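In: Build the 3D model from these lines:
(4 chains)
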Protein chains: 2
Amino acid sequence: MSKVAVDAIASDPAQRQAADGRRVRGDASRRTVLQSATDLASVDGLDGLTIGRLATASGRGKSSIATLFQSKEGLQLATVAAARDVFTALIVERARTEPRGVRRLASLLRNALDYSRDRVFTGGCFFAATAADVDSKPGPVRDAVRTALVDWYGYIEAQVRHAVANGELAAVTDPEQLAFELAALNEEANSRSLLLQDERPYDLAARAMRERLRAAGAAPDRLTALDA
Amino acid sequence: MSKVAVDAIASDPAQRQAADGRRVRGDASRRTVLQSATDLASVDGLDGLTIGRLATASGRGKSSIATLFQSKEGLQLATVAAARDVFTALIVERARTEPRGVRRLASLLRNALDYSRDRVFTGGCFFAATAADVDSKPGPVRDAVRTALVDWYGYIEAQVRHAVANGELAAVTDPEQLAFELAALNEEANSRSLLLQDERPYDLAARAMRERLRAAGAAPDRLTALDA
DNA sequence: AGATTACGCGAACGATCGTTCGTATACTAG
DNA sequence: CTAGTATACGAACGATCGTTCGCGTAATCT
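Out: Next comes the predicted model:
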């Protein structure tokens, strides 16, 4: 890249930051560290995530992590954000290829089950593992976890609403009720497979989801994502 | 009590231990401490339960707790056992007044919802709070939590089987499948009410349980425990 | 060129962790 | 009466916690 081009970029306020070699290096470090952090937190919770063990796991000094994230709370917030990015990319984004309604809903649920089953995070679903940890401790970390889960629940419910509006589900369907039940099955599969070290809960959950959606009026050929 | 009577008790090998004033005092202390311990662990998990804070919460010295339970692992095991006693007394024992089958099943589920909703433990259901933070760490503590939950799941499933055998539920009912779904609804109500600080999830869960059992063939008049 | 900013690391801080020791007290056993 | 046992407490142990400081390096900004 010519010096002229560099100057042109550097003179653009929006891109100046992105071109800052120090921040680029720092962001790369943060990304690497956060990969270990989400894994550790999925096992030990956000409270059990310690800077010392994270430093060892990512091969850096303790003070480096402290510098990169300012404080433990900053680290926790960044960890939640990183986990959320993974969650969204693997579950929500992938389901967007399906049309709104039952098809996208079924894809969403299948992706969520796979994300847990594949142990994308060592301790299973990141948010299931951390929700219990923070839900009794007010503060920005709890708020971040809560927001992520509320958004997730809301997205499921939105797809149910689309399905009802589409006529794919019976008009009498209560979207909040159905979304609650579907989320419950997903989370039970995650927690029980972790507890029993068994993959069968995923089949039980998928079957329950399929039957529940069929009972609500969904056509079987739009539920193939939930087949065994 | 006369001295003769005391001697008579003391000479009975089975009751000698129970009459040992030192152990009586110790057991009373353990009971008191464990009440704080189950509460703390329901909030911070069994790992987040620390001897220091438990000492403060129960108004004793740190070394007293260490003596009473030998080690942190001993404390954790005793805490799980104490929580299990409460769980069994409030949920399982109370349901035994109902006849086996759908009625006992509905009572069981109602008691479980109430036990969570009433915040018998500050952090909601003890086992939901602690399962997440031990399920990735092998050892006797994880085994104790796992056993408690497996027994609980098994008891639900046993009532489903009784109901099928009674003819209260359709013969085609898969007991493992139905028990899984009912447990999922119960746990989702607990976790979501904690996360959102809202009691509505309990109504959503009760409604789902009732409709699911009705769909499996249960008579409405045997599901009154799950009515709103 | 010089001042500033961001990363990276080792060293150290006070606090808390789980555990152990010594000692005191109460009760039992022989 | 003497030994032994079970609680109870304070003090201290080494380890780890989150945080801060100083110093060096690299990149940016004025």
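In: contacts and neighbour counts: CA atoms only from here.
Out: Noted.
In: now the helices for chain A?
Out: Using DSSP state H, the helices of chain A run over residues A:3-10, A:13-19, A:21-48, A:51-58, A:62-69, A:72-87, A:94-95, A:102-117, A:126-134, A:140-166, A:175-196, A:200-215.
In: How about the residues of chain A by chain B?
Out: Within chain A, the positions adjacent to chain B are A:43-45, A:48, A:123, A:128-129, A:131-133, A:135-136, A:146, A:177, A:180-181, A:183-185, A:187-188, A:191, A:194-196, A:204-205, A:208 by Cα under 8 Å from any Cα of the partner chain.
In: Only whichever of those residues are buried, select them in ChimeraX.
Out: Command for ChimeraX that selects the buried part of the residues of chain A next to chain B, burial taken from 16 or more other Cα atoms under 10 Å in any protein chain shown:
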select /A:43,44,45,48,123,128,129,131,132,133,135,136,146,177,180,181,183,184,185,187,188,191,194,195,204,205,208
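In: thinking again about what came up before, closest to B:Val33 out of the helices of chain A?
Out: Taking Cα to Cα, helix A:126-134 is the member of the helices of chain A nearest to B:Val33, at 22.4 Å.
In: what about that closest one, distance to the chain center?
Out: Relative to its chain's centre, helix A:126-134 lies at 11 Å (Cα atoms, centre = their mean, to the nearest Å).
In: can you list contacts of that helix?
Out: A:38, A:41-47, A:83, A:123, A:141-142, A:145-146, A:149, A:187, A:191, B:43-45, B:128-129, B:132-133, B:191, B:195 (Cα atoms under 8 Å, 6 or more residues apart in numbering or on different chains).
In: Roughly how far does the spatially most central residue of chain A sit from A:Glu93?
Out: In chain A, the residue lying closest to the centroid (Cα atoms, centre = their mean) is A:Phe87, at 2.5 Å. Distance of A:Phe87 to A:Glu93, given as Cα to Cα, to the nearest Å: 9 Å.
In: My understanding was that A:Ile65 contacts A:Thr56; is that so?
Out: No - contact between A:Ile65 and A:Thr56 fails when scored by Cα atoms under 8 Å: they sit 10.4 Å apart.
In: More neighbours: which of these two?
Out: A:Ile65 (21 against 12; other Cα atoms under 10 Å in any protein chain shown).
In: I'd like the distance between that one and chain B.
Out: Noted for A:Ile65: a distance of 23 Å to chain B, by Cα to the nearest Cα, to the nearest Å.
In: Return the residues in contact with that residue.
Out: A:Ile65 is in contact with A:Val33, A:Ile51, A:Ala55, counting by Cα under 8 Å, 6+ apart.
In: For A:Arg142, see how far away it is.
Out: From A:Ile65 to A:Arg142 the distance is 21 Å (Cα to Cα).
In: what do you get for A:Ala41?
Out: 14 Å.
In: With A:Arg210 instead?
Out: Taking Cα to Cα as the measure, A:Arg210 falls 32 Å from A:Arg142.
In: mean pLDDT lowest for which of the helices of chain A?
Out: When those are ranked by mean pLDDT, helix A:3-10 comes last with a mean of 33.
In: more crowded one of A:Ala41 and A:Arg142?
Out: Higher neighbour count among A:Ala41 and A:Arg142: A:Ala41, with 27 against 23, using other Cα under 10 Å.
In: follow-up on the earlier one: among the residues of chain A next to chain B, which ones lie close to DNA strand D?
Out: Among those, no residue sits close to DNA strand D (Cα under 7 Å from any atom of the strand).
In: Leaving out sequence neighbours, find the closest residue to the residue in chain A that DNA strand C sits nearest to.
Out: Residue nearest to DNA strand C within chain A: A:Gly26 (3.3 Å; Cα to the nearest atom of the strand). The shortest distance from A:Gly26 to any non-neighbouring residue, by Cα to Cα, 6 or more residues apart in numbering or on different chains, is to A:Leu68 (7.2 Å).
In: which parts of chain A sit against DNA strand D?
Out: A:10, A:16-17, A:19-22, A:49-53, A:62-63, A:66-67, A:70-73.
In: Contact residues of chain A facing DNA strand C?
Out: A:22-23, A:25-27, A:29-30, A:60-64, A:67-68.
In: Out of these, grab the one that's most surrounded.
Out: Result: A:Arg30 is most packed of the residues of chain A next to DNA strand C (other Cα under 10 Å), 20 neighbours.
In: excluding its backbone neighbours, what's nearest that residue?
Out: That would be A:Leu68: by Cα to Cα, 6+ apart, it lies 6.7 Å from A:Arg30.
In: I figured that neighbour was touching A:Ala28, is that so?
Out: No - using Cα under 8 Å, A:Leu68 is not in contact with A:Ala28; the gap is 10.7 Å.
In: OK, contacts around A:Leu113?
Out: For A:Leu113, the contact set (Cα under 8 Å, 6+ apart) comprises A:Asn186, A:Ala189, A:Asn190, A:Tyr202.
In: rewinding a little: from the contacts of A:Ile65, pick the one nearest B:Glu98.
Out: A:Ile51 (52.1 Å).
In: okay, now that closest one: neighbour count?
Out: 19.
In: roughly how far apart are the closest residue in space to it that isn't next to it in sequence and A:Gln35?
Out: Using Cα to Cα, 6+ apart and skipping the chain neighbours, the partner closest in space to A:Ile51 is A:Lys62 (6.3 Å). A:Lys62 is 16 Å from A:Gln35, where distance means Cα to Cα.
In: ditto for A:Ala206
Out: According to Cα to Cα, A:Ala206 and A:Gln35 sit 29 Å apart.
In: And these two? Which one has more around it.
Out: Using other Cα under 10 Å as the criterion, A:Ala206 and A:Gln35 rank with A:Ala206 on top: 23 against 16.
In: Setting aside sequence neighbours, what's the nearest residue to that one?
Out: A:Leu226 is the one closest to A:Ala206 (Cα to Cα, 6+ apart), at 5.5 Å.
In: Could I get the pLDDT score of that neighbour?
Out: 98.
In: residues in contact with it?
Out: A:Ala106, A:Ser107, A:Leu109, A:Arg110, A:Ala206, A:Arg207, A:Met209, A:Arg210.
In: go on, A:Asp47?
Out: A:Ala41, A:Asp133, A:Val134.
In: from the residues you listed, which is closest to A:Arg161?
Out: A:Val134 (30.3 Å).
In: So what's the residue count around the closest one?
Out: Counted with other Cα under 10 Å, A:Val134 comes out at 23.
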